[in-house]
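>>> Test case, fold it:
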Amino acid sequence: MQLSERTRLAGAPVNYGIYHAADPFVGPDDLLASLAADGYTGVDSGPIGYLGTGETLARRLTATGIRLAGGWVDLRFADPDGFAEDLAQLDAALDVFAAAPVDDPRFTPRPTLACPGNPARLAHPGRRG
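Residues are numbered from 1 along each chain as shown. The predicted structure is shown next:
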């Protein structure tokens with residue numbers, strides 16, 4: 001497959017930093033170095049803060065040549081109170097994305113907005129309600 005200069009691929013960090021956020025199995029510096037060594041040029045943020053924020057994130061990305069593609073943000077669309085709470089997470093993610101170095105404005109980091117697991121929806125995929 002021939003990719004154009006308008007196409008870039010990124011890998012998600014395979015949930016590093018989610019299940020053991022205080023003591024991840026693979027630290028962010030090691031993960032980014034490994035991705036760079038394997039030829040990746042982009043990565044998903046994983047949980048906001050796992051790769052760092054602000055100057056720490058910028059330093060890590062610049063040192064490895066990896067660019068931040070974006071990241072996942074849960075929004076509880078069907079729960080008005082939960083949705084309002086989740087907007088703070090979206091704001092935090094957008095702040096992190098805005099601080100990441102960008103070599104081409106067409107590829108600024110963007111959020112993937114998703115509704116977290118909902119047992120009723122999972123039991124009836126593709127149906128309303």
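
>>> Next, the contact list for Ala58, please.
Ala58 is in contact with 99-101, counting by CB atoms under 8 Å, 6 or more residues apart in numbering. Yep, even glycine has a C-beta here, placed from its N, CA and C like the rest.

>>> Any quick PyMOL command for the buried ones out of those?
Selection of buried members from the contacts of Ala58 for PyMOL, criterion 16 or more other CB atoms under 10 Å:
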select buried, resi 99+100
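
>>> Please tell me how far Gly39 sits from Thr64.
Gly39 sits at a distance of 12 Å from Thr64 (criterion: CB to CB, to the nearest Å).

>>> Apologies, that question was intended for Gly117.
Counting by CB to CB, the gap from Gly117 to Thr64 is 32 Å.

>>> again, but for Leu90
With CB to CB as the criterion, Leu90 and Thr64 are 26 Å apart.

>>> Who has more neighbours out of these two?
Shown here are Leu90 and Thr64; by other CB atoms under 10 Å, Thr64 has more neighbours (19 against 16).

>>> Tell me how far that one lies from Gly42.
From Thr64 over to Gly42 the distance is 11 Å, taken as CB to CB.

>>> can you map out the helices along the chain?
28-37, 54-64, 80-99, 119-123 (DSSP state H).

>>> Give me the neighbour count for Val84.
To be clear, residue 84 is Ala; Val isn't right here. Ala84 is flanked by 11 other residues according to other CB under 10 Å.

>>> what sits against it?
For Ala84, no contacting residues are found, by CB under 8 Å, 6+ apart.

>>> Can I get stretch 65-75 as CSV, trimmed to CA atoms?
Taking C-alpha atoms only, stretch 65-75 is exported to CSV below (Å, rounded to 0.1, in the frame of the first residue of the first chain):
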residue,chain,number,x,y,z
GLY,A,65,11.0,11.7,17.1
ILE,A,66,7.6,10.4,18.0
ARG,A,67,4.6,12.7,17.4
LEU,A,68,1.3,12.5,19.4
ALA,A,69,-1.6,11.5,17.3
GLY,A,70,-4.2,12.1,19.9
GLY,A,71,-5.9,10.1,22.6
TRP,A,72,-9.1,8.5,23.9
VAL,A,73,-11.6,10.4,26.0
ASP,A,74,-14.6,8.7,27.5
LEU,A,75,-17.8,10.8,27.5
